[in-house]
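Enquirer: pasting the structure only:
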């Protein structure tokens, strides 16, 4: 018995000694790993990570007191009075940090930006030791590293008191206050108070964080059924975004070197207000995004199994961004076949398309979109977009009668968004001219320069849009628009003068409706166009233009005069820059030659009609003559009697 007792005591003693030794040994290991991580992160990002005391309490628990993260020469970014982290011991032995439990007191994160700089700029700096080229680039690996770091830091349990996240930029202040955050078995629910420049919002946030399943879920909604305003949006983009509920789910899975990120996002009661989108608040009843992203070595792809629900409309987009070398290559497509037309028009957000609010349609639609943009060779750009209908009819007009151009109507011209002239497009206006009362050359010349296929297309010319995209992308700015005469007419007759994304989208839809349903005959559309087109400072319509430049009726315009008037349309307020004295500048010769060559080659005029038509043949005889000669406005007054009063004010300038 004594021998057995000795053996037992020796074994027990050895275990106790080993346990004590392990604990004593683990403490330095933990300090070494933590200090190494802090030093590594700090040296790479030019920040100092410091603490007052670091204790190892056993079972993987590390307590850090007075933890701080301070960028060099900047304000403190992070501070915590006390921070307890329980590490995953199995991963710790592999020298990897993975969090199991977290406790904190007074964790404050403060982003500060001033005239000198910010204390968070290091977060957005690219690594200098790894140049971004095709040999070192690996988007899947980068994404996996970020996700693994995120999931390793997500605790199974947490108890955090007084968490504050603040942002300061001069006079703008944003504070997100979380009095208490409790995570139990991956799940959490917490109250959040957001204060932005004195405006307070109270949120409820719930969800789950699961490292093992590589999954994050979250739901955000207002306390007491109130609507939420997204902070920072107003300050950063001068926009207001509100919603009832926002929910999301994110899953991660790596397979064969490809990072797969998939899940769902949902929003209800969304409203957006931004002057570049629409002058009115845009409302979205509900939206859902089921997404499936694949991220490879040199590409990111949204799989076509992804689905977007937009009110009543659903569609499956496909997008691929690849960067095999130093330039990007973008491919995108949408195909939606045989769906009820009313799904589209009922899904238009309230406040975005005021002319179409309440429109009722029948029939089915097919939509096809495809683009292939290789930024290394923009000349090979592909653009396809078509909306086809079957049995389509408008049963009820929306906010505006889209067939109003068939009858006389009042038109208001604007200058710098200010109404300057209102007149009837119809027989009660003595300056109105029907299509056949205008020189036959004027519509022919306009079409050669603006829209040669006007009488044959259905409102759009995809090749023109494609060519405009090529030019705009090459010059990195908006240079050409690819608009047809139909689109220009819709913009001027039906839409506001605010240049917004909503206006462009509404312009496209109204043009399609007018052309697809043949709401207005082509000849009448061109007739309206020639009676409202601007041909100079507050000179509107062919009658005003013929009198202003040539002191004659538009039926009497010559071929050369019509070519000149065509050249004025793109920049009507700058007509004086076209002349040296009373003579058109020399570069107009090439413009005349192009228009004449097109007219003759397309057998729109006889070759002999083009003989002798040169810039020199254009003689200005109307009120514009005195302006070009530089006479005083007093001497011009008799000749300007034919112009509206506001035009004189503009011409004085």
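Expert: Perfect, thanks for sending it. Bear in mind the structure is a predicted one, so any value in this text is a computation, not a measurement. Numbers count the residues shown, from 1 in each chain.

Enquirer: Contacts only, for the residue lying closest to residue 59 once chain neighbours are set aside.
Expert: Leaving aside its sequence neighbours, residue 59 sits nearest to residue 86 (CB to CB, 6 or more residues apart in numbering; 7.0 Å). C-beta: built from backbone N, CA, C; applies to glycine. Residue 86 makes contact with 59, 60, 61, 62, 99, 100, 101, 102, 155, according to CB atoms under 8 Å, 6 or more residues apart in numbering.

Enquirer: Quick check on those: which are buried?
Expert: Buried members of these, scored by 16 or more other CB atoms under 10 Å, are 60, 61, 62, 99, 100, 101, 102, 155.

Enquirer: How is the chain divided into domains?
Expert: Domain segmentation of the chain under automatic domain parsing yields 14-124, 408-453+521-652.

Enquirer: least trustworthy helix or strand in the chain by mean pLDDT?
Expert: Between all helices and strands in the chain, the lowest mean by mean pLDDT, DSSP states H and E belongs to helix 633-636, at a mean of 38.

Enquirer: Whichever helix or strand residue 624 is part of: how far from the chain's middle?
Expert: Using DSSP states H and E, residue 624 sits within helix 623-629. In terms of CA atoms, centre = their mean, to the nearest Å, the centre of helix 623-629 is set 45 Å apart from its chain centre.

Enquirer: Likewise for stretch 165-181?
Expert: On the basis of CA atoms, centre = their mean, stretch 165-181 sits 27 Å off its chain's mean C-alpha point.

Enquirer: do the same with stretch 106-120
Expert: With CA atoms, centre = their mean, you get 28 Å for stretch 106-120.

Enquirer: Not counting its own residues, what contacts it?
Expert: For stretch 106-120, the external contacting residues (CB under 8 Å, 6+ apart) are 71, 74-83, 160-170.

Enquirer: From those residues, keep the buried residues only.
Expert: Using 16+ other CB under 10 Å, the buried members of the contacts of stretch 106-120 are 71, 74, 77-80, 82-83, 160-165, 167-168.

Enquirer: I figured residue 543 hits residue 431, correct?
Expert: Yes - Residue 543 lies in contact with residue 431 (CB atoms under 8 Å); the separation is 4.1 Å.

Enquirer: Of all the residues in stretch 104-116, which ones are buried?
Expert: Residues of stretch 104-116 classed as buried under the neighbour-count rule (16+ other CB under 10 Å) are 104, 107, 108, 109, 110, 111, 112, 113.

Enquirer: Quick one, grab the pLDDT at the last one.
Expert: The reference is to residue 113. In this model, residue 113 is scored at 88, pLDDT.

Enquirer: And for the second one?
Expert: Predicted confidence (pLDDT) for residue 107: 91.

Enquirer: tell me the SS of it?
Expert: Following DSSP: H, G, I helix; E, B strand; the rest coil, the label given to residue 107 is strand.

Enquirer: Number the residues from 139 up from this point.
Expert: Will do, 139 is the new start, and the previous item becomes residue 245.

Enquirer: Show me what it is bridged to.
Expert: Per DSSP bridges, the residues bridged to residue 245 are residue 218, residue 301.

Enquirer: Now do it against residue 749, distance only.
Expert: Residue 245 sits 86 Å away from residue 749, going by CB to CB, to the nearest Å.

Enquirer: go on, the third one?
Expert: As judged by CB to CB, residue 246 and residue 749 stand 84 Å apart.

Enquirer: again, but for the last one
Expert: Here residue 251 is placed at a distance of 69 Å from residue 749 (CB to CB).

Enquirer: and stretch 461-476, average pLDDT?
Expert: What stretch 461-476 shows for mean pLDDT is 94.

Enquirer: Oops, could you answer that again for stretch 656-673 instead?
Expert: Mean per-residue pLDDT for stretch 656-673: 96.

Enquirer: contacts for it?
Expert: For stretch 656-673, contacts defined as CB under 8 Å, 6+ apart pick out 540-541, 543-544, 549, 551, 563, 570-573, 576, 580-581, 584, 592-593, 623-624, 626-627, 630-631, 651-652, 678-683, 686-687, 692, 703, 706-707, 710-711, 713.

Enquirer: swap in stretch 436-450?
Expert: Contacting residues not belonging to stretch 436-450 are listed as 272, 275-277, 422-433, 452-462, 471, 481, 484-487 [CB under 8 Å, 6+ apart].

Enquirer: let's go with 6 Å and repeat that
Expert: Defining contact as CB atoms under 6 Å, 6 or more residues apart in numbering, one finds that stretch 436-450 is touched by 423, 425-432, 452-454, 456-462, 481, 484-485.

Enquirer: List only buried entries from these.
Expert: Buried residues within the contacts of stretch 436-450, counting neighbours by 16+ other CB under 10 Å: 423, 425, 427-432, 454, 456-461, 481, 484-485.

Enquirer: Out of those residues, which sit inside strands?
Expert: 423, 425, 427-432, 456-460 (DSSP state E).

Enquirer: mind giving me TSV with the residues you listed and columns for distance to residue 350?
Expert: TSV is the format used below for these (distance: CB to CB, whole Å):
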residue	distance to residue 350
423	37
425	31
427	26
428	23
429	22
430	21
431	21
432	23
456	32
457	31
458	31
459	31
460	32
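
Enquirer: picking that back up, out of the buried ones among the contacts of residue 224, which comes closest to residue 287?
Expert: In terms of CB to CB, no member of those lies closer to residue 287 than residue 237, at 10.9 Å.

Enquirer: from memory residue 688 sits against residue 760, does it?
Expert: Yes - counting by CB atoms under 6 Å, residue 760 is a contact partner of residue 688 at 5.3 Å.

Enquirer: between these two, which one's more packed in?
Expert: More neighbours surround residue 688 than the other of residue 688 and residue 760, with 22 against 19 (other CB atoms under 10 Å).

Enquirer: any low-confidence regions in the stretch 589-738 of the chain?
Expert: Counting by pLDDT under 70, the ranges of the stretch 589-738 of the chain that qualify are 617-619.

Enquirer: ranges for the helices of it?
Expert: 600-613, 623-632, 639-654, 660-670, 679-688, 697-706, 726-739 (DSSP state H, counting those that start in this stretch).

Enquirer: Please identify which of those is closest to residue 185.
Expert: Minimum separation from residue 185 across the helices of the stretch 589-738 of the chain (CB to CB) falls at helix 600-613, 38.9 Å.

Enquirer: What residues sit buried inside that closest one?
Expert: Within helix 600-613, the residues that qualify as buried are 602, 603, 604, 606, 607, 608, 610, counting by 16+ other CB under 10 Å.

Enquirer: Nearest to residue 186 among these?
Expert: Comparing these against residue 186 with CB to CB places residue 610 closest, at 46.6 Å.

Enquirer: give me every residue that touches residue 527.
Expert: Residues in contact with residue 527 (CB under 6 Å, 6+ apart) are 501, 503, 654.

Enquirer: who does it bridge with?
Expert: With DSSP bridges as the rule, residue 527 is bridged to residue 503.

Enquirer: confidence score at it?
Expert: Residue 527 carries a pLDDT value of 96.

Enquirer: Give me the buried stretch members for the helix holding residue 762, please.
Expert: Across helix 761-767, burial judged by 16+ other CB under 10 Å covers 761, 762, 763, 764, 765, 766.

Enquirer: Reformat these as a markdown table; add distance to residue 289.
Expert: Formatted as a markdown table, the buried residues of helix 761-767 follow (distance: CB to CB, whole Å):
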| residue | distance to residue 289 |
| --- | --- |
| 761 | 75 |
| 762 | 72 |
| 763 | 77 |
| 764 | 77 |
| 765 | 72 |
| 766 | 73 |
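
Enquirer: how about those residues, which pair is most distant?
Expert: 761 and 766 (10.0 Å).

Enquirer: For the helix holding residue 762, name the packing helices and strands.
Expert: Packing partners of helix 761-767 (3 or more CB pairs under 6 Å, 6 or more residues apart in numbering; DSSP states H and E): helix 679-688.

Enquirer: is it true that residue 497 touches residue 537?
Expert: No - shown here, residue 497 and residue 537 do not form a contact pair, counting by CB under 6 Å, at 8.2 Å.
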